[in-house]
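# take a look and give me a structure for this.
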Amino acid sequence: MASALGYCSLKAIHQGGIPKWRSPRAAVIPDSHLPMRSYEVKNRTNVDDIKALRLITAVKTPYLPDGRFDLVAYDALVNMQIEDGVEGVIVGGTTGEGQLMSWDEHIMLIGHTVNCFGGSIKVIGNTGSNSTREAIHATEQGFAVGMHAALHINPYYGKTSLEGLISHFENVLPMGPTIIYNVPSRTGQDIPPAVILNASKSPNFAGVKECVGHDRVEGYTSKGVVVWSGNDDECHDSRWDYGGKGVISVTSNLIPSLMRELMFGGKNPSLNAKLLPLMKWLFHEPNPIGLNTALAQLGVVRPIFRLPYVPLPLEKRIEFVNIVNEIGRENFVGESDVQVLDDDDFILIGRY
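Numbers count the residues shown, from 1 in each chain. Reported below is the predicted structural model:
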């Protein structure tokens, strides 16, 4: 008879022998109910296809008045990106407000984007987290619904050691093509080159979205690491002077064709200078506040904000109209005339 702590022979007990304790054997449970593992991912994208991308838009997520996704507006915005030559989209990044989504919403939007546009544009899901367990699970789900690559940030707020950073990335890289995102102004911790170079040993490492500056970009590109600028106002020089591959852009939500020209058309300081006032305006307050305000003024999305984001003040909204007129309305997404929206035009949602 087996006990809860182990088992022994009743005959041995009755004969006065010292029973030999044996550990109970755990039941073997089939793992068919567990999430899809990395080696089972279907339709895996070649990492070289991700490395080749020059213009990737961190796409905005529009909302309905009740706070749900406005998929009609979202699809129209993604289609505008495709028509104007954008090669990839980041879904649910900071710009797309993944931080305000449930994981169910997040994975649904990745899957929706793949199903509708995956044949025309690379879909890169932001499945990073400051919890390695959560990042693994979200990335498994993202690849299961067909995303082409994952974007991973370093653990933020509850920061870890350099050894912890290495272990974190080593646990998510096996699942598929991966871009690592370094933005110390948001995470509070720089990812040093030693960590990136260690990650680059993985065959799934596509490159790094780097926000530290030109010296860091040049340091990586000289070692063969693919780098996308994470700063729109630096992306032109990063691309043409420091060996950067391209940009993961916020501004391209608004002017995808001009951003493509900036990345593909050769060195063009005059165009870059023309666009800098718009880029400066977009980041007057933390992203995505400026972008959300701009797309609403262009009539591309409804003027609806999930809190804690709120629109830029009236004087900045007036300034945006002047910037659009200076660059040319025809260069911006959408077909409506740009408007100065009143405070009462915006809807702010705290529960959704």
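# what helix or strand is Tyr74 on?
Tyr74 belongs to helix 71-83 when elements are defined using DSSP states H and E.
# any regions of the stretch 251-352 of the chain where pLDDT drops low?
Along the stretch 251-352 of the chain, segments meeting pLDDT under 70 are nowhere present.
# what segments of it are strands?
Listed in chain order, the strands of the stretch 251-352 of the chain (DSSP state E, counting those that start in this stretch) span 304-306, 347-349.
# ok so, going back, would you mark the buried spots in the helix holding Tyr74?
Buried residues in helix 71-83, counted by 16 or more other C-beta atoms under 10 Å: 71, 73-74, 77-78, 80-81. Placement of C-beta: from N, CA and C, glycine included.
# could you point out which element follows that helix?
Toward the C-terminal end, the helix or strand that comes next after helix 71-83 (DSSP H and E) is strand 88-91.
# Provide the strand pairings for that following strand, with the direction of each partner.
Paired neighbours of strand 88-91 in the sheet (DSSP bridges): strand 55-58 (parallel), strand 122-126 (parallel).
# identify the residues contacting it?
Here strand 88-91 makes contact (C-beta atoms under 8 Å, 6 or more residues apart in numbering) with 50, 53, 55-59, 78, 81, 96, 98, 109-110, 113, 117, 121-126, 147-148, 151, 248.
# hmm, back to that, pick the most deeply packed of the strands of the stretch 251-352 of the chain.
Comparing the strands of the stretch 251-352 of the chain by mean neighbour count (mean count of other C-beta atoms under 10 Å), strand 304-306 ranks first with a mean of 20.
# what is that one packed up against?
In terms of contacts (3 or more C-beta pairs under 8 Å, 6 or more residues apart in numbering; DSSP states H and E), strand 304-306 is packed against strand 347-349.
# how does it look with 10 Å?
If contacts are counted by 3 or more C-beta pairs under 10 Å, 6 or more residues apart in numbering; DSSP states H and E, strand 304-306 sits against helix 289-297, strand 347-349.
# output those in CSV; the columns should cover distance to Tyr220.
Shown next, in CSV, are those (distance: least, C-beta to C-beta, whole Å):
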stretch, distance to Tyr220
helix 289-297, 27
strand 347-349, 40
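# most packed of these?
Comparing these by mean count of other C-beta under 10 Å gives helix 289-297 as most buried, with a mean of 24.
# quick one: list the elements packing against that helix.
helix 269-282, strand 304-306, helix 314-327.
# looking at those, spot the one closest to Gly142.
Closest approach to Gly142 among the helices and strands packed on helix 289-297 (C-beta to C-beta): strand 304-306, 21.4 Å.
# parallel or antiparallel, which strands does the closest one pair with?
Here strand 304-306 has these sheet partners by DSSP bridges: strand 347-349 (parallel).
# can you give the contact residues for the partner strand?
Contacting residues not belonging to strand 347-349 are listed as 63-68, 100, 302-311 [C-beta atoms under 10 Å, 6 or more residues apart in numbering].
# any low-confidence regions in this protein?
Along the chain, the parts satisfying pLDDT under 70 run over 1-43.
# just the helices in it please.
In the chain, the helices defined using DSSP state H lie at 10-14, 47-51, 71-83, 103-117, 132-144, 162-172, 184-187, 193-199, 214-221, 235-241, 256-264, 269-282, 289-297, 314-327.
# just these: most buried one?
Mean neighbour count (mean count of other C-beta under 10 Å) peaks for helix 289-297 among these, with a mean of 24.
# pull that helix out as CSV, backbone CA atoms only.
Extracted in CSV, the C-alpha atoms of helix 289-297 (Å, rounded to 0.1, in the frame of the first residue of the first chain):
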residue,chain,number,x,y,z
ILE,A,289,0.1,62.1,-27.1
GLY,A,290,1.2,64.2,-30.1
LEU,A,291,0.5,61.5,-32.7
ASN,A,292,-3.0,60.8,-31.3
THR,A,293,-3.8,64.5,-31.4
ALA,A,294,-2.4,64.8,-35.0
LEU,A,295,-4.3,61.9,-36.5
ALA,A,296,-7.6,63.2,-34.9
GLN,A,297,-7.0,66.6,-36.4
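# starting at the chain centroid, how far to that helix?
How far helix 289-297 lies from its chain's middle: 19 Å, per C-alpha atoms, centre = their mean, to the nearest Å.
# again with stretch 343-351
In terms of C-alpha atoms, centre = their mean, the gap separating the centre of stretch 343-351 from the centre of its chain is 25 Å.
# could you do stretch 184-203 as well?
Counting by C-alpha atoms, centre = their mean, stretch 184-203 is centred 16 Å from the centre of its parent chain.
# for stretch 273-282, same thing?
For stretch 273-282, the separation from the chain centroid amounts to 23 Å (computed by C-alpha atoms, centre = their mean).
# same question for stretch 136-154.
That offset, for stretch 136-154, works out to 10 Å (C-alpha atoms, centre = their mean).
# could you do stretch 237-250 as well?
When C-alpha coordinates are averaged (C-alpha atoms, centre = their mean), stretch 237-250 and its chain have centres 18 Å apart.
# ok so, going back, next, format the strands paired with strand 88-91 as CSV and append mean neighbour count and distance to Leu271.
Listed next are these as CSV, based on neighbours: other C-beta atoms under 10 Å; distance: least, C-beta to C-beta, whole Å:
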stretch, mean neighbour count, distance to Leu271
strand 55-58, 28, 14
strand 122-126, 28, 25
